[in-house]
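# Build me a model:
(chains A and B)
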Amino acid sequence: MKIISLLALTLSFPAFASSTFKLRDYEVQKLDNGLKIIWIKDDKLPVLSLAMSIHAGGSIDPKGKEGLADATVQLLDKGVGKLNAIEIAERLEQRADTFGGGVDADATHVGIRGLSFHRQESLDDYFRLITEPTFPEAELERHRKRVKSRLSRLVDQPSAFTDVVFAHSVYGEHPYFHDGHATSAGIAAIKREDIVAFHKKYYAPKYATLAVVGQFDDEFKKEVIKKMSSWKNSEGDLPSVGKPDVGPSGIKILAVEKSGVQQAEIRFGHLGPKRDIPDHVALKVANSILGEPASFSARLFNEIRIKRGLTYSVRSMFDQRLLDGVFQISTFTRTDKILEMIKEVSTVLKTFVDKGVTKEEVETAKSALKGRFPRLVETSDDLAAQLLLLDLYGVSFDYLKNFTREVDKIKASDVNSVIKKYYHPDRLRIVVFGPVLNHDMAALPEIAPTETKNFKDVQP
Amino acid sequence: MRFILSGIIFVFALEGAWAAEVDLSKAIQFEVEKYQLKNGLTVLLQEDHSVPLVSVHQWFRVGSKDELPKKTGLAHFFEHMMFKGTKKFPKEVFAQSLTEKGGEFNAFTTSDYTGYYITLPKDHLNLVLEIESDRMRNLLLAENDVVSEREVVKEERRMRYDNVPEGVMRETLSSMIYTTLPYRFSVIGSMEDLNQASMEDLRAFYKRYYSPNNAVLVIVGDFSSAEVKKMIEKLYGSLPSEEIERLKFKPEVEPTKPKKTVIKKNIQAPIISSGYLTQPIDHRDQYALEILMAILTRGDSSRLQKKLVYEDQLVDNAAAGCQAEVLGGSCLFFAYLKPTVKPETVLRILDQQLQSLATKKISDKELEKAKNNYMMDYVNSLKKVNGRAQSLAFNEIQLGDYKKLFTDLAEIQAVTSDQVMAVTKKYFKKNRENVVILLPESADGKDTPKAKNKGGVK
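Okay, the predicted model is just below:
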């Protein structure tokens, strides 16, 4: 089962009164068993998707069993009733339904999408797969082998590998470090009972929000409510997860070496704020001036790529979560430019924090954010994805409705104060994944205290 | 990339299970207006007032196939230079003005065509057309921009080809499948040629290929055609057209021997790929080939996923796809093996699967499943203004008529199990096979000596 994007299946938007942007209509309903349902009707195409977020993700995987939430969702469609994995796949794929799921630090996501004229069958199958999976032992073994094999070859994809190493170096042993992904040790330790128990406890309506998106009528709405109301709740509560530790100040470098690497992957960053902060929009403005998206007129892109030709891509981002997220700058460069790259990125970041941004930059960034907004919710599935995220992080749905107005309110002074608050060049963790026996790799200690490891010793 | 391989959409009533229940054709059909300016610029307009956005795609019939010998990568290098500004829109103004409107803009280069696109709120369509018409003929090329951008392109090459295992496999496979057509070279080009590319090369390339008669302009979204047509006439009408002389290539000869290349790299587990020469994009066999690819790897219940990933647990991932271009085409397989699995084991199974499809008809049910999934993917590619503009541009540029986007659906629906069997038999013969095996350096040499140079390539 692959992680699928449940976004965007349809062709269009409802009418807009003028060029002023207006969000399409949606309804929110809460069932007696606690399940929240978001209804978004869209008749433009004969398609329907059911997308659910369950507020139990990788952060509640027990220590030493990293990958439990992930294994649970990956095995949902590997056995139900008398049907085995292939029979389930045959059944769904015959009518071109796609069922899939994935896990991140804070949640499990699981959805189905298909053509709306067989939506009743889609609903029935979807509900059964979520509520009655049999989790055959043989399927867990298959999953285990596949995960181990994929983890062992992750290093062959330098960008993805470096992201994993970087997250670990920022979060330390906090459960956010694996972002819901399995680790080698974790997947080896997970037993079938663990999965059955995880499913029993957390696949419960009180932890879930479902978005019903696309072409449906009142009759179908009743069917969904009937079906979902029959979903039984579990005992107990979600385990609480402690705050990550900020760690000591000072810049630290982790150099990971592997022979044959043709280009160095580099990450810079530190812990960042959680999603639900009042400064969210001001921080968005700030970060789009620094480096998001990786495109013309962002400072990093301009200085590092356009002026110096040091890379093809450089971007900065905040990964915001229920608890502390991550601020991260991602880039790569040729192996004899590693030192220059680190120096230049550090200078751009330091100037950004020390000198702040200008009024003109702030106005440009505000205008850009407002202009990009309609694309963020272009289709009904895009809107559903945004609402599910807000729901997960406990942010009011009005965020979308008020977004443009909130952006308008931001002043340069607001941006400069969030920069001081959330960017910490003096606390940077830098990860470099590069070749062995390389001049620049060897010279890293001249920049900051450096720990050097062979890639085999940081394998996830 | 998938829809780029051939263009299908729901327009006619569907057969099989779907047809009885819903007329998908009506649900997703859209009207397109096509016309040409006197200077040869082809324009496609599709109004959609339900979205307060416009997407503008300006594509040129030029790609790496048009590069002269020893000038590989020039088409793509030049694409990067198209963001360096004109006198009227210097590079800072160009980027700044589009960014502050919230525009998403980028470009891509393939072997056959180069596409530039901008999607942004509808109020700024005029600005986009001013920029696009201006940089079609009035680009400034400055020496210092060429110097820094060359390094950017080389980093892109390292990222996409040199530093990931798939890069060398793709380049090697292309050079084995094609012997005369320019598709034997990668779009990104060799480091050597990138280092040599000069200002004169770039200027000559620009003058020769960036003209209205070599371009297609597509606009999809919330605008009024009457107004936009006037705008287009005003901005593009006076641009001069250019005589375009295409390079000539000898056609590929029918392969007679299998070829195999083994490469060792510092990787953790083997990857194998194989490729077969097929036909140009407008050849009738493309429809059955698309269905065949879906039968092999689309979904967990497809033949290769079921056998290789699920039942035998030999590979982590298997993928297949056909790439059809104007001058020729090919179909490729990729499989990521588990660390201890021998490439020969997987290649043998792949061969058996193809043999079985070449000799035994698939069931109606399996055929229908492939068609259903193909079409579902197709609907998904048309969900946004940007996707629709891209599909229209692709069909107009590669097939000479955007309407193929609509009419090809009937062709896919008409594919029979006999045709699937026939194309398998015709193209996937052992003596037409090209194999590239990527092995970890540490792997014991047992596979290597006998595998090496079997077909005498590389």
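# And for the residue of the stretch 1-150 of chain B found nearest chain A, nearest residue in space, chain neighbours not counted?
Here the stretch 1-150 of chain B gets closest to chain A at one residue, B:G102, 1.6 Å apart by C-beta to the nearest C-beta. Every C-beta, even on glycine, is put in place using the N, C-alpha and C of the backbone. Leaving aside its chain neighbours, B:G102 sits nearest to A:G371 (1.6 Å; criterion: C-beta to C-beta, 6 or more residues apart in numbering or on different chains).
# neighbouring contacts of whatever helix or strand that neighbour lives in?
Secondary structure assigned from DSSP states H and E places A:G371 in helix A:359-376. Residues outside helix A:359-376 that contact it (C-beta atoms under 8 Å, 6 or more residues apart in numbering or on different chains) are A:21, A:284-286, A:288-289, A:297, A:382, A:386, A:403-404, A:407-408, A:410-412, A:415, B:51-53, B:96, B:99-104, B:119-121.
# how much space is there between B:V436 and B:S175?
Per C-beta to C-beta, to the nearest Å, B:V436 is found 10 Å from B:S175.
# make that A:A298, sorry
From A:A298 to B:S175 the distance is 38 Å (C-beta to C-beta).
# ditto for B:K369
Taking C-beta to C-beta, one finds B:K369 at 35 Å from B:S175.
# between the two, which one's more packed in?
B:K369 (25 against 19; other C-beta atoms under 10 Å in any protein chain shown).
# Quick check: chain neighbours aside, which residue is closest to that one?
A:Q94 (5.0 Å).
# Hmm, A:H174 is touching A:L271, no?
No. Between A:H174 and A:L271 there is no contact under C-beta atoms under 8 Å: 9.3 Å.
# Can you work out which residues contact both of those two?
Listed contacts common to A:H174 and A:L271 are A:P244; contacts here mean C-beta under 8 Å, 6+ apart.
# quick one: which of the two has more around it?
Taking other C-beta under 10 Å, A:H174 and A:L271 do not tie; A:L271 has more neighbours (24 against 19).
# That one - that's part of a strand, no?
Yes. Per DSSP: H, G, I helix; E, B strand; the rest coil, A:L271 lies within a strand segment.
# Poorly predicted segments of the chain, please.
All of this refers to chain A. Residue ranges of chain A with pLDDT under 70: A:1-21.
# I was thinking of chain B, sorry if that wasn't clear
Residues of chain B that meet the cut-off, pLDDT under 70, sit at B:1-28, B:443-458.
# Strands along the chain, start to end?
This is for chain A. A:27-30, A:36-41, A:47-54, A:79-80, A:83-84, A:98-103, A:108-115, A:208-214, A:252-257, A:264-272, A:314-319, A:325-333, A:429-434, A:450-454 (DSSP state E).
# Can you look at chain B instead?
Under DSSP E, chain B gives strands at B:33-36, B:42-47, B:53-60, B:104-109, B:114-121, B:215-221, B:259-265, B:271-277, B:315-324, B:329-337, B:434-440.
# what's the burial count for the closest residue to B:T99 other than its chain neighbours?
Spatial nearest neighbour of B:T99, chain neighbours left out: A:S297 (4.6 Å); criterion: C-beta to C-beta, 6+ apart. Other residues within reach of A:S297, judged by other C-beta under 10 Å, total 21.
# And for the residue of chain A found nearest chain B, the neighbour number?
At 1.6 Å from chain B, A:G371 is the closest residue in chain A, using C-beta to the nearest C-beta. When neighbours are counted by other C-beta under 10 Å, A:G371 registers 22.
# State the distance from it to B:N106.
Separation of A:G371 from B:N106 (C-beta to C-beta) stands at 16 Å.
# Check which residues of stretch A:363-373 are buried.
Using 16 or more other C-beta atoms under 10 Å in any protein chain shown as the test for burial, stretch A:363-373 gives A:T364, A:A365, A:K366, A:A368, A:L369, A:K370, A:G371, A:R372, A:F373.
# any idea how far that stretch is from the chain center?
Relative to its parent chain, stretch A:363-373 has a centroid offset of 23 Å by C-alpha atoms, centre = their mean, to the nearest Å.
# Contacts only, for the closest residue to B:N126 other than its chain neighbours.
Among residues not flanking B:N126 along the chain, B:M231 sits closest, at 6.3 Å (C-beta to C-beta, 6+ apart). Residues near B:M231 by C-beta under 8 Å, 6+ apart: B:L125, B:N126, B:L129.
# can you check A:K82 too?
Contacts for A:K82 were tallied using C-beta under 8 Å, 6+ apart; there are none.
# redo that, cut-off 10 Å
Contacts here follow C-beta atoms under 10 Å, 6 or more residues apart in numbering or on different chains; on that basis A:K82 touches A:T134.
# Thanks a lot, see you next time.
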